[in-house]
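*Asks:* Below are the sequence and a predicted model; questions follow.
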There are 2 protein chains.
Amino acid sequence: MKNQTLWQGIASDLEKEIVAGSLARGSRLPTESMLSQRYGVNRHTIRKALSHLAEKSLIWSKRGSGVFVMQKPTIYSMGERVRFSQNLLDAGRTPSRQKLSLSQRLATHEEASSLKIKKNSKVHHYEGISFADDEPIALFHSVFCSKRFPALAEYIEDLQSVTQALKKCGVNDYIRASTYVSAVAASSLQANHLRIKPNDPLLCTTSLNTDQSGTPIEFGRTYFSGKHVTLSYEA
Amino acid sequence: MKNQTLWQGIASDLEKEIVAGSLARGSRLPTESMLSQRYGVNRHTIRKALSHLAEKSLIWSKRGSGVFVMQKPTIYSMGERVRFSQNLLDAGRTPSRQKLSLSQRLATHEEASSLKIKKNSKVHHYEGISFADDEPIALFHSVFCSKRFPALAEYIEDLQSVTQALKKCGVNDYIRASTYVSAVAASSLQANHLRIKPNDPLLCTTSLNTDQSGTPIEFGRTYFSGKHVTLSYEA
DNA sequence: TGATAAGATTTGTCTAGTTGTATATAGGTG
DNA sequence: CACCTATATACAACTAGACAAATCTTATCA
């Protein structure tokens, strides 16, 4: 969130307004001229920001008529460097997390091969709920190699943040190496946590995060409440 | 004035022109290309000289637009109990405001709890720039409970003054209940409005104003350009 | 009332010019 | 050696202005 260009700042600002509801769905945005006055920039800079939002399908424009907000639910954008809390802040909502469990166990086949560690290695297992404005929007669980990060569990316990905990372990930056998305039906347990009904649709994302050298760091799944979240993927 | 480098000579040369008035306050300098031709040096050498003058707040530049002479490169102090406009008038300067946006939206957590209104209540959101002699001094934005002041937006629109608008709503006097001050780095958008550079320091004041019975009226933040304003607190 | 034409708005496109940033090169100095 | 000065080149980000195309508004007339 630093050293943005002007048009990027404007785009995210407008996106916040849309998500916050100050720009209602279906309503018309101020004209490009008005926006250029408000932000103190040239009309072309506004247009660059708007075209970015249009690519994300947040708005659509009609020549001679105006620019309008599309009718869509909350958008959770998955950039390469997505952090949960940062992402929701971008959308103008207050994020929080609740820990459900934090323990050690043996890696499953899938986990071991994803993390490129030996079968039956020990892993930290972290599980919890993500909130946006006190509304549960996702269940997550992920595993980290215990051998590589012996003290990770305590750090997570203390800092309440995976990113911060990893930083303490020497991992300053990690990126989303791969993400798969599918749709599943909520179990009764999941439904209970997310305050929805059993069999309601969930978006299930399976993701592998690596450090900059490509070494696997974190493997996990997140189940988003389909009612509240739309995933958008941008390169 | 010997043993100077090229850029130092150019800088002091331009400074003389500014002080002497041949480069008028608020006017645009020749483009960097023209200056590099005039002085027979590379454009980067000109830029070094210009950036030196910018550090001294003698000039400011806008990408794509040009380099301009600052109106008054002085520093102003403000007492807590004095009104913003009055203070500038006392200092012999002409205050003004520019509206950036005026809209309705849902209150954030922070806003709702500060104003002591219900979560998801609607608020008026007012945003703008404060000027002193056509020089931007601060960015402000504040929110007011829509339910309590239904017509506030129109009044502000008409009267161009929050104090006057509130008076029309029956609030004859309101006082500063609390103010928090912190220092933050300017975003690119903020920097653009205040004619400073991104990451330049800003003074961020968070304030809550109440009526005489202690009921919250206005909650908002003001970002002062650190280069131009010094806040002074006197009991 | 309803249709039409004229004018004002608003978005789309184009060209040109200006500042900001990054990289590479070379000489001088402590 | 490291560091500053200065040059050279290229590109990115932004401004400025102009014009075209689609739409909306309004006045006018039948």
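*Replies:* Sure thing, it's come through. Because the structure is a prediction, the values reported are computed rather than measured.
*Asks:* Give me the phi and psi for the residue lying farthest from the centre of chain A.
*Replies:* Distance from the centre of chain A peaks at residue A:64, with 35.7 Å (Cα atoms, centre = their mean). Backbone geometry at residue A:64, expressed as degrees, to the nearest 10, gives phi 80, psi -10.
*Asks:* how close does it sit to residue A:31?
*Replies:* As defined by Cβ to Cβ, to the nearest Å, residue A:64 lies at a distance of 11 Å from residue A:31. Bear in mind the C-beta positions are built from the backbone N, C-alpha and C, glycine included.
*Asks:* rewinding a little: separation between the residue farthest from the centre of chain A and DNA strand C?
*Replies:* Distance, residue A:64 to DNA strand C, by Cβ to the nearest atom of the strand, to the nearest Å: 4 Å.
*Asks:* quick one: that residue from residue B:170, how far?
*Replies:* Taking Cβ to Cβ, one finds residue A:64 at 44 Å from residue B:170.
*Asks:* Next: residue A:9.
*Replies:* To residue B:170, residue A:9 is 38 Å away according to Cβ to Cβ.
*Asks:* again with residue A:131
*Replies:* Distance, residue A:131 to residue B:170, using Cβ to Cβ: 39 Å.
*Asks:* So which elements touch the helix or strand residue A:112 falls within?
*Replies:* Element membership for residue A:112 (DSSP states H and E) is helix A:109-115. Helix A:109-115 sits against strand A:135-145, strand A:216-225, with contacts defined as 3 or more Cβ pairs under 8 Å, 6 or more residues apart in numbering or on different chains; DSSP states H and E.
*Asks:* Now tell me what touches the lengthiest helix in chain A from outside.
*Replies:* The helix that spans the most residues within chain A, counting by DSSP state H, is helix A:6-20. The contact list for helix A:6-20, computed with Cβ atoms under 8 Å, 6 or more residues apart in numbering or on different chains, reads A:4, A:23, A:25, A:29, A:35, A:39, A:41, A:45-46, A:48-50, A:52-53, A:56, A:58-59, A:69, A:74-75, A:90-93, B:105-106, B:108, B:187-189, B:192.
*Asks:* Are it and DNA strand D in contact anywhere?
*Replies:* Yes - part of helix A:6-20 sits near DNA strand D under the criterion Cβ under 7 Å from any atom of the strand, namely A:6-7.
*Asks:* Return the distance of that helix from the chain's centre.
*Replies:* The gap between where helix A:6-20 is centred and where its chain is centred comes out at 17 Å by Cα atoms, centre = their mean, to the nearest Å.
*Asks:* Looking at chain A, which residue is nearest chain B?
*Replies:* Closest contact between chain A and chain B, by Cβ to the nearest Cβ, is at residue A:22 (3.2 Å).
*Asks:* Without its sequence neighbours, what residue ends up closest to that residue?
*Replies:* Nearest residue to residue A:22, sequence neighbours excluded (Cβ to Cβ, 6 or more residues apart in numbering or on different chains): residue B:105, at 3.2 Å.
*Asks:* Which residues are in contact with that neighbour?
*Replies:* A:17, A:20-22, B:122-123, B:125.
*Asks:* Out of the residues you listed, which two are the most distant from each other?
*Replies:* The distance between the two most remote of these (Cβ to Cβ) is 14.2 Å, for A:17 and B:122.
*Asks:* Show me the helices in chain A, by range?
*Replies:* Using DSSP H, the helices found in chain A span residues A:6-20, A:32-39, A:43-55, A:84-90, A:109-115, A:152-159, A:162-168, A:188-194.
*Asks:* re earlier: out of residue A:9 and residue B:170, which sits in the busier spot?
*Replies:* Between residue A:9 and residue B:170, residue A:9 has the larger neighbour count (other Cβ atoms under 10 Å in any protein chain shown), namely 22 against 9.
*Asks:* Beta-bridge partners for the residue nearest to residue A:22, please?
*Replies:* Residue B:105 forms beta bridges with residue B:123, as assigned by DSSP bridges.
*Asks:* same deal with residue A:206?
*Replies:* For residue A:206, the beta-bridge partners are residue A:180, residue A:221 (DSSP bridges).
*Asks:* Next one: it from residue A:121, what distance?
*Replies:* Residue A:206 sits 19 Å away from residue A:121, going by Cβ to Cβ.
*Asks:* Also residue A:99?
*Replies:* On the measure of Cβ to Cβ, residue A:99 and residue A:121 end up 23 Å apart.
*Asks:* So if I had to pick from these two, which one is more boxed in?
*Replies:* residue A:121 (16 against 12).
*Asks:* Phi and psi next, for that one.
*Replies:* Per-residue torsions, residue A:121: phi -70, psi 160 (degrees, to the nearest 10).
*Asks:* my read: it touches residue A:143, true?
*Replies:* No - applying Cβ atoms under 8 Å as the test, residue A:121 and residue A:143 come out as separate, 9.9 Å apart.
*Asks:* shared neighbours of those two, anything?
*Replies:* Residues touching both residue A:121 and residue A:143 by Cβ under 8 Å, 6+ apart: residue A:107.
*Asks:* Can you name the residues that contact the closest residue to DNA strand D within chain A?
*Replies:* Residue of chain A nearest DNA strand D, by Cβ to the nearest atom of the strand: residue A:64 (2.3 Å). Listed by Cβ under 8 Å, 6+ apart, the contact set of residue A:64 is empty.
*Asks:* got a pLDDT number for it?
*Replies:* pLDDT recorded at residue A:64 is 92.
*Asks:* Over to residue A:91?
*Replies:* Residue A:91 carries a pLDDT value of 47.
*Asks:* Distance check, residue A:213 against residue A:171.
*Replies:* Counting by Cβ to Cβ, the gap from residue A:213 to residue A:171 is 11 Å.
*Asks:* if we can go back for a sec, now the helix holding residue A:112: how far from the chain's centre is it?
*Replies:* For helix A:109-115, the distance to the chain centre is 23 Å (Cα atoms, centre = their mean).
*Asks:* quick one: average confidence on that helix?
*Replies:* Across helix A:109-115, pLDDT averages out at 89.
*Asks:* What are the buried residues along that helix?
*Replies:* For helix A:109-115, the neighbour count (16 or more other Cβ atoms under 10 Å in any protein chain shown) marks A:111-112, A:114-115 as buried.
*Asks:* Measure how buried residue A:37 is and give me the count.
*Replies:* Neighbour count of residue A:37, defined by other Cβ under 10 Å: 17.
*Asks:* Please apply the same query to residue A:140.
*Replies:* So residue A:140, with other Cβ under 10 Å, has 20 neighbours.
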